[in-house]
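Novice: Test case, fold it:
(6 chains, ligands or ions: 6)
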Amino acid sequence: MYNIWDVMLTNFFSAPVLFFFLGVIAVVSKSDLSVPGDVGRGVVIFLMASIGIRAGAEIAQMEGGLLAVFPFALTALIFGISITATSYFLLVKLLRIDSANAGALAASFGAVSSATLMVAISLLDSLRVTYEKFVPALYPFMDSPAIIMAISLGKWGIDRQNSLLVSSSSPAKGLEGSGRKKLSTIIVESLTNSGVYVLLGSLVIGLIVGPERLEREMKFFYGMFRGILCIFLLEMGILAASRLKELKFVSPLILPLAILLALVSGTLAVYVATSLGLSPGGAVVFAALAAGASYVTVPAAMRVSLPEANPSLYLGTALGITFPFNMAIGLPVYLQLAQYLAR
Amino acid sequence: MYNIWDVMLTNFFSAPVLFFFLGVIAVVSKSDLSVPGDVGRGVVIFLMASIGIRAGAEIAQMEGGLLAVFPFALTALIFGISITATSYFLLVKLLRIDSANAGALAASFGAVSSATLMVAISLLDSLRVTYEKFVPALYPFMDSPAIIMAISLGKWGIDRQNSLLVSSSSPAKGLEGSGRKKLSTIIVESLTNSGVYVLLGSLVIGLIVGPERLEREMKFFYGMFRGILCIFLLEMGILAASRLKELKFVSPLILPLAILLALVSGTLAVYVATSLGLSPGGAVVFAALAAGASYVTVPAAMRVSLPEANPSLYLGTALGITFPFNMAIGLPVYLQLAQYLAR
Amino acid sequence: MYNIWDVMLTNFFSAPVLFFFLGVIAVVSKSDLSVPGDVGRGVVIFLMASIGIRAGAEIAQMEGGLLAVFPFALTALIFGISITATSYFLLVKLLRIDSANAGALAASFGAVSSATLMVAISLLDSLRVTYEKFVPALYPFMDSPAIIMAISLGKWGIDRQNSLLVSSSSPAKGLEGSGRKKLSTIIVESLTNSGVYVLLGSLVIGLIVGPERLEREMKFFYGMFRGILCIFLLEMGILAASRLKELKFVSPLILPLAILLALVSGTLAVYVATSLGLSPGGAVVFAALAAGASYVTVPAAMRVSLPEANPSLYLGTALGITFPFNMAIGLPVYLQLAQYLAR
Amino acid sequence: MVKAKKVEIIANYMDVRVMIKEMEQVGIKGYSMIRGVSGRGKHGKSHEESYIDSMTSCYIMVVCPEVQAEALIVAVTPLLKRFGGICVVSDVQQVDFK
Amino acid sequence: MVKAKKVEIIANYMDVRVMIKEMEQVGIKGYSMIRGVSGRGKHGKSHEESYIDSMTSCYIMVVCPEVQAEALIVAVTPLLKRFGGICVVSDVQQVDFK
Amino acid sequence: MVKAKKVEIIANYMDVRVMIKEMEQVGIKGYSMIRGVSGRGKHGKSHEESYIDSMTSCYIMVVCPEVQAEALIVAVTPLLKRFGGICVVSDVQQVDFK
Ligand SMILES: Nc1ncnc2c1ncn2[C@@H]1O[C@H](COP(=O)(O)O)[C@@H](O)[C@H]1O
Ligand SMILES: Nc1ncnc2c1ncn2[C@@H]1O[C@H](COP(=O)(O)O)[C@@H](O)[C@H]1O
Ligand SMILES: Nc1ncnc2c1ncn2[C@@H]1O[C@H](COP(=O)(O)O)[C@@H](O)[C@H]1O
Ligand code: NA
Ligand code: NA
Ligand code: NA
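Specialist: Ligands and ions are numbered 1, 2, ... in the order given. Next up, the predicted model:
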């Protein structure tokens, strides 16, 4: 077991995390540094494939196979829905944020952040803490339900507001057709989002091919993970810093609430994951899924389903607050807790 | 020696081939997944350089050096011309396809598909079947002659049609100047096409530098081949699926003919290559050159020289029919045959 | 110690250098080969990060740490200024080039070429000559002062010309505001240029994280350096060849002068570096900094500060003359000299 | 050559996807799109490069008859109002080939 | 400022390469090109991203005097007819500096 | 819809950065930029792809009222004269939403 400070320092002073801050400083110092668009997109495909293929290869070896994963998938789903619902009501009641923005923020808190997931994996790797490789594959089971829940809540809230106002003229008639999306469409869209799709797809590939015959590919996908992650976090730093700027016009209470929600979700996730039998490493990965705030699948869904929500707000919060917090402080705390519980 | 089913399954359930199907399903399921343009182009440069440098390093060690390659180059040339001519007449006589489209399709069948070549190499690698590393370098010796032959046949066919019709008004006068290209221009263009150019260039580099001093580069180019191939085949899957859609308006007889031509070319190639002394592995690589249908150098040449041909037809056939067939069925069959002959 | 011819041949017939010529021939033969823009930019980020992180990891282990680097930083600064000043006066007096163009060319000669630096490192690696890994980090200490010196000289020259002419109507009034830049702005801009920024930033990361905990990242950044360098030099070859074409309209005396300046700077750098206690390898890297001509930070600064200068001239000279000369002839000469001095 | 209208829109990539669906509903069958647009507008600076689609802007150009252009603008205006962006219309001569 | 014509073409990259040669023959010395165009037209959807050039579209813009524009259109029309794409012409004021 | 001017510039990326600063000084608040333009002009061929920014060209489009367009052109002309490039102005109707 590690001392909490040791873990925090090890994490903070690891190359990937420092590359994140290199990106932040690049924006602050107005460097013309940017990760080329196509490289950034390639990097994400690589990282998701890497996580997916390892998850698949491990599930292939597990007793019980896919079936053994089922209870965890269900737990992930419950987490996705509960975090979203709790966030929504806190945002509406405590911060008096309107339904659309509350819905979008809640979706983001409930759904999954791939970058947080990757930092968690990298942290465990550098501390040589093992984890159940299938846990990252729970991604979509937490992500899609959170988005659907948030849209339902947001729309319900807007309807209630509108019926109170008895709005005579609908201001955005042109949007009505596109605004109403079927549940199935939302699920399909969040599963076919390129990142999630590659994760699931390469999981299936890992499952089919199995670990022995994946030797060569594993070397590629595993060996380069750390280095490519550095480049990914460099871009995340640039994005976080440029997004944080835009947050300044927003309620300052969003900062403590975002941090609180991350901490509570993460902590709860560690408890539940441990009680379900996951190792400390596996519990941390599960906590990363729960505590991270989505900035990829969520905006895509929100622009269509809750278009009244302000993207600066939910993107800024997810990238500028929740992600850096989890990366620097949250994850070490969850690990400490998980190791404490496992004793 | 391997059982044909074993080989087919090993091939089919290998990561690169499964990534191809991941790409296919991405299109079918309307995922927004795509391999970024610049990444795709970078991947091709890498793969061609990887094949080229290994070929060069091997020829550098061969007794006889480049001279020993000469008879194979000649054979490749004869194959390129014969497959093209045969295909052309079958397409015109059997399927009653017009001269321009027959010419373009024949060019594609006769010329070389780099993706088929790479899958062949990857299959041999995963079965640990050795092959003569210089065989991939025969690429241009089969590719350019096929294109030239096809253009000549196509133009000859068009002239004959026109003289029968005594067409009074040429419909595409603006094209005449550009339509007539000198032989040398066609050869130069198909050799300076970026993929072929990198293959040949890095072959020369491998030849000059030699295997001992290439240790570091080989590690890079060889070690990452498998992983990068996965990403390449992911893109191939996306391209194949989106091209196949466009084929639906076309004669359904093109499907069996394309498969037949691949099978016959591949089988013949295995026989001839074996009788020329190539190992089973080398014969399979040669068969991949012969059986694959080109979709890179051919369209470039056709848009200029046989502009009347419909790109949907020849691109769709090469990417949507011939490539998947060779990848999943053809190559294992050629390997089986080659190993049978070598007993 | 190596024979000069051996070194030259080893260097010339190494894969990275040959990839440079592959790029040159691609332009000459009108191949459609190009390194995709985003791949090129990604490659530069990777290479600079690779050099920076290794430099940082070494400084972390050095006795004296950063302080021990100080005298070398000062020497680099003096070199940057002196090479620039000398070049400026030679260009004005000997070649009668106008102040603006002389300033821009002098900036280029005095500042640093990252490609030359990388070829030097690769040459030492392939000869297994060790070098002080911190030397590449002297980059900005030579680069920024050279640019500032050149702008001052150029502006001083233009002012003198103008006062002689008593020009009544300033031809480019719209530029005045932007033309006058503060010293601090120029320094900041040359330090935040993406390449320099990544070099410095990853140096700091290497310094903080230290060599032991960088094992995984080092494998990535070090293991792939050689291969990625091949792709970088392929692009450099394409750029050099396409730039050289544009030089034909320019004074032919620029060729011998550029070569002379490179040789003199490189030789002097080897002497000084050796006398300051650097190993032969370290002296060569220092010589690469001094002898190379910049084509990245310099044009950026010149377009704003000496806009009258013709970009074809300074870019063409740096890429088309100085770089190929140093790569093929200069660096082996400096190495030979350094090893001679070290005996 | 026939008279036509050229409608040009710059907006967030996510919104453009929605706009294209609106377009198809008013009967527009041809459009072109260029990704990787950066710029500045009422919402501040936008960047061309990001792996997150919802952070990138996009240019679309539609050449169509005047009636369609009008329908298109009506369909697209509420989206522009809500999310920002810019839309301009100009007269062009379209080369006619059938 | 001088009056000029702006000719804009969107077509398959392979065909654009041929068109540029045609242009040079009618005396046009300046043009600009943007790659990575996607869209929809008579031939269905086209994608911006592919390592196979013949599967990508491309935008070209030519600013030139009216006479040249007319020659250009005559030269380019048969290519558009055969391969598809779109070509529009509009009036512009060109900033004059010599 | 309101009348506006559309100013389009193609120039070296480095010069465009300077031009954007000039623009901001004449009060222009909105513009869009597309990188990776290749082409041919008085200075010969330019390439779209290079990691060296000063070797790439760039397209900018500014939609603004006539007065601003005039100021913009005055500010930008000396830069175009010196470094090359092209600048055209055309009339557009801008979709009005507030
Ligand atoms: N006046 C303008 N001229 C050209 N492009 C504009 C203009 N206004 C806005 N844009 C583009 O539209 C994007 C979104 O605009 P906005 O929503 O106003 O921030 C900007 O980032 C610019 O790329
Ligand atoms: N009406 C239009 N407006 C804008 N772009 C068009 C239009 N029609 C065609 N295009 C572009 O031209 C390409 C080829 O057109 P087509 O040959 O008609 O399929 C399409 O993929 C679009 O990018
Ligand atoms: N007449 C024109 N039409 C379109 N683009 C042009 C024209 N002239 C110049 N350009 C563009 O502006 C760039 C620089 O022009 P120049 O400085 O004249 O070489 C060229 O590379 C083209 O991309
Ligand atoms: Na979450
Ligand atoms: Na073939
Ligand atoms: Na120098």
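
Novice: List the contacts of residue 44.
Specialist: No chain specified, so I'll use chain A. By C-beta atoms under 8 Å, 6 or more residues apart in numbering or on different chains, the residues touching A:Val44 are A:114, A:194-195, A:232, D:51. C-beta here means a position set from N, CA and C on the backbone, and glycine is covered the same way.

Novice: wrong chain, I was asking about chain D
Specialist: Contacts of D:Gly44 by C-beta under 8 Å, 6+ apart are A:Glu246.

Novice: next one: A:Leu66
Specialist: Here A:Leu66 is in contact with A:59, A:207 (C-beta under 8 Å, 6+ apart).

Novice: circling back: just name the closest of the contacts of A:Val44 to chain B, please.
Specialist: A:Ser194 (4.0 Å; C-beta to the nearest C-beta).

Novice: Can you classify the closest residue to that closest one other than its chain neighbours as helix, strand or coil?
Specialist: In space, and not counting its chain neighbours, A:Ser194 is closest to B:Leu33: 4.0 Å by C-beta to C-beta, 6 or more residues apart in numbering or on different chains. Classification of B:Leu33 using DSSP: H, G, I helix; E, B strand; the rest coil returns coil.

Novice: Start and end of stretch A:288-302, how far apart?
Specialist: With C-alpha to C-alpha, to the nearest Å applied, stretch A:288-302 spans 22 Å between its terminal residues.

Novice: taking the mean pLDDT, what do you get for it?
Specialist: Averaging pLDDT along stretch A:288-302 yields 91.

Novice: Mind checking which of the contacts of A:Val44 land in helices?
Specialist: A:114, A:194-195, A:232 (DSSP state H).

Novice: Mind checking which of those are buried?
Specialist: Listed as buried from these are A:114, A:194-195, A:232; burial here means 16 or more other C-beta atoms under 10 Å in any protein chain shown.

Novice: out of those residues, which one sits closest to chain C?
Specialist: A:Phe232 (12.0 Å).

Novice: what's the burial count for residue 34?
Specialist: No chain was given, so I picked chain A. Other residues within reach of A:Ser34, judged by other C-beta atoms under 10 Å in any protein chain shown, total 23.

Novice: Switch to chain D, please.
Specialist: D:Ile34: 24 neighbours (other C-beta under 10 Å).

Novice: so what strands line up beside the helix or strand where it lies?
Specialist: Using DSSP states H and E, D:Ile34 maps to strand D:31-41. Strand D:31-41 pairs in its sheet with strand D:44-46 (antiparallel), strand D:57-64 (antiparallel), strand E:31-41 (antiparallel), strand F:31-41 (antiparallel), by DSSP bridges.

Novice: Extract the C-alpha trace of that strand and format it as PDB.
Specialist: C-alpha atoms of strand D:31-41 as PDB (Å, rounded to 0.1, in the frame of the first residue of the first chain):
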ATOM      1  CA  TYR D  31     -24.000  20.800 -51.000                       C
ATOM      2  CA  SER D  32     -20.300  20.800 -50.200                       C
ATOM      3  CA  MET D  33     -18.600  21.000 -46.800                       C
ATOM      4  CA  ILE D  34     -15.100  22.000 -45.700                       C
ATOM      5  CA  ARG D  35     -14.000  21.100 -42.200                       C
ATOM      6  CA  GLY D  36     -11.200  22.700 -40.200                       C
ATOM      7  CA  VAL D  37     -12.400  26.300 -40.200                       C
ATOM      8  CA  SER D  38     -11.100  28.500 -37.500                       C
ATOM      9  CA  GLY D  39     -12.100  32.100 -36.900                       C
ATOM     10  CA  ARG D  40     -13.600  34.700 -34.600                       C
ATOM     11  CA  GLY D  41     -17.200  35.800 -34.000                       C
END
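
Novice: Now do that strand: distance to the chain's middle.
Specialist: When distances are taken as C-alpha atoms, centre = their mean, to the nearest Å, strand D:31-41 is centred 9 Å away from the chain's centroid.

Novice: same deal with stretch A:133-153?
Specialist: 9 Å.

Novice: Using CSV, write out the CA atom coordinates for it.
Specialist: Only the C-alpha atoms of stretch A:133-153 are listed here, as CSV (Å, rounded to 0.1, in the frame of the first residue of the first chain):
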residue,chain,number,x,y,z
LYS,A,133,-8.8,-5.3,-17.7
PHE,A,134,-12.5,-5.6,-18.5
VAL,A,135,-13.5,-2.7,-16.3
PRO,A,136,-12.8,0.0,-19.0
ALA,A,137,-15.2,-1.9,-21.2
LEU,A,138,-18.1,-0.9,-18.9
TYR,A,139,-17.8,2.5,-20.6
PRO,A,140,-20.9,2.4,-22.7
PHE,A,141,-23.0,0.8,-20.0
MET,A,142,-22.5,3.9,-17.9
ASP,A,143,-22.4,6.4,-20.8
SER,A,144,-25.5,5.8,-22.8
PRO,A,145,-28.0,5.5,-19.8
ALA,A,146,-26.6,8.8,-18.4
ILE,A,147,-27.2,10.7,-21.6
ILE,A,148,-30.7,9.3,-22.0
MET,A,149,-31.6,10.1,-18.4
ALA,A,150,-30.3,13.6,-18.7
ILE,A,151,-32.3,14.3,-21.9
SER,A,152,-35.4,13.0,-20.3
LEU,A,153,-35.0,15.1,-17.2
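
Novice: Closest one to B:Ile4 out of the contacts of A:Val44, please.
Specialist: A:Ser194 (36.5 Å; C-beta to C-beta).

Novice: Provide a list of residues in contact with the closest one.
Specialist: Counted by C-beta under 8 Å, 6+ apart, A:Ser194 has contacts A:44-45, B:31-34.

Novice: again, only this time at 7 Å
Specialist: B:31-33 (C-beta atoms under 7 Å, 6 or more residues apart in numbering or on different chains).

Novice: pLDDT weak spots in the stretch 101-250 of chain A?
Specialist: Low-confidence segments of the stretch 101-250 of chain A, defined by pLDDT under 70: A:165-181, A:249-250.

Novice: Likewise for chain D?
Specialist: D:98.

Novice: what's the neighbour count on the closest residue to chain B within it?
Specialist: Of all residues in chain D, D:Asp53 sits closest to chain B, at 7.6 Å by C-beta to the nearest C-beta. D:Asp53: 20 surrounding residues under other C-beta under 10 Å.
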